[in-house]
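Engineer: Predicted model, plus sequence, below.
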Amino acid sequence: MVCPYASPMQGSVTVHMAAPPRVVWDLVSDVTRIGEFSPETFEAEWVDGATGPEVGAHFRGHVKRNGIGPIYWTKCKVIHCEPERDFGFLVYALGSGTNTWRYQLTPKDGGTEVTESFKLTPLPLLRVYWTVLGKLRGRTNERGMQQTLERIKAIAEASAKA
């Protein structure tokens, strides 16, 4: 049986936030705050002279896979950076880009609709991984994205009210 997640190797979650795009943008594009939101990445820092979000900026994230381990650092490069609209980065492993994570912001109903997504690079090893574990990992990613966005929402909405 073919895993239903095997072909797309991607997923997304969307949450509406009662906060303007600039407030949400400040949260999603500040990688140093990811530890407040993500169930897996508990810290991140700009590296190689980068000090903030811009296309080409590098950072590294400290990950605790599935919230339990193993624990490792990942190197990342910002590939989408349109303030108040789109922030995305490519995660590197074993010398090549393996996964693109992205936050897309759309003004809607007096607030911001935020879509967090991931898309694996269709490398042969990742195709095998996704065929075997894709359904499980896809669900884990979706739960993690929902949790991340709900945490961002709480902070964004509290900031918007202040």
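Structural biologist: Looks like it came in fine.

Engineer: report the longest helix in the protein, please.
Structural biologist: helix 124-161 (DSSP state H).

Engineer: what helices or strands is it leaning on?
Structural biologist: Contacts defined by 3 or more C-beta pairs under 8 Å, 6 or more residues apart in numbering; DSSP states H and E place helix 124-161 against strand 10-17, helix 21-28, helix 34-37, strand 111-120. The C-beta positions use only the backbone N, C-alpha and C, and glycine is treated the same way.

Engineer: Residues touching the longest one, excluding its own?
Structural biologist: Counting by C-beta atoms under 8 Å, 6 or more residues apart in numbering, the neighbours of strand 111-120 from elsewhere in the structure are 9-21, 23-24, 28, 98-107, 126, 130, 141, 145, 148-149, 152-153, 156.

Engineer: what comes up buried for it?
Structural biologist: 111-120 (16 or more other C-beta atoms under 10 Å).

Engineer: Just want the angle from it to helix 21-28.
Structural biologist: 40 degrees (axes from the mean of the first three to the mean of the last three C-alpha atoms, to 10 degrees).

Engineer: before we move on, back to that, tell me the buried residues within the contacts of strand 111-120.
Structural biologist: Those of those that meet the buried threshold are 9, 11, 13, 15, 17, 19-21, 23-24, 28, 98-105, 126, 130, 141, 145, 148-149, 152-153, 156, by 16+ other C-beta under 10 Å.

Engineer: related to what we said a few turns ago, just name the closest of the buried residues of strand 111-120 to Phe37, please.
Structural biologist: In terms of C-beta to C-beta, no member of these lies closer to Phe37 than Glu116, at 9.8 Å.

Engineer: quick one on the thing from earlier: make TSV out of the helices and strands packed on helix 124-161 and add distance to Lys64 and mean pLDDT.
Structural biologist: Output for the helices and strands packed on helix 124-161, formatted as TSV (distance: least, C-beta to C-beta, whole Å; pLDDT from 0 to 100):
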stretch	distance to Lys64	mean pLDDT
strand 10-17	20	96
helix 21-28	20	98
helix 34-37	10	96
strand 111-120	17	96
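
Engineer: what pairs with the residue most central in space within the chain across the strands?
Structural biologist: The residue lying closest to the centre of the chain (C-alpha atoms, centre = their mean) is Trp101, at 4.2 Å. Residues in a beta bridge with Trp101, per DSSP bridges, are Phe89, Phe118.
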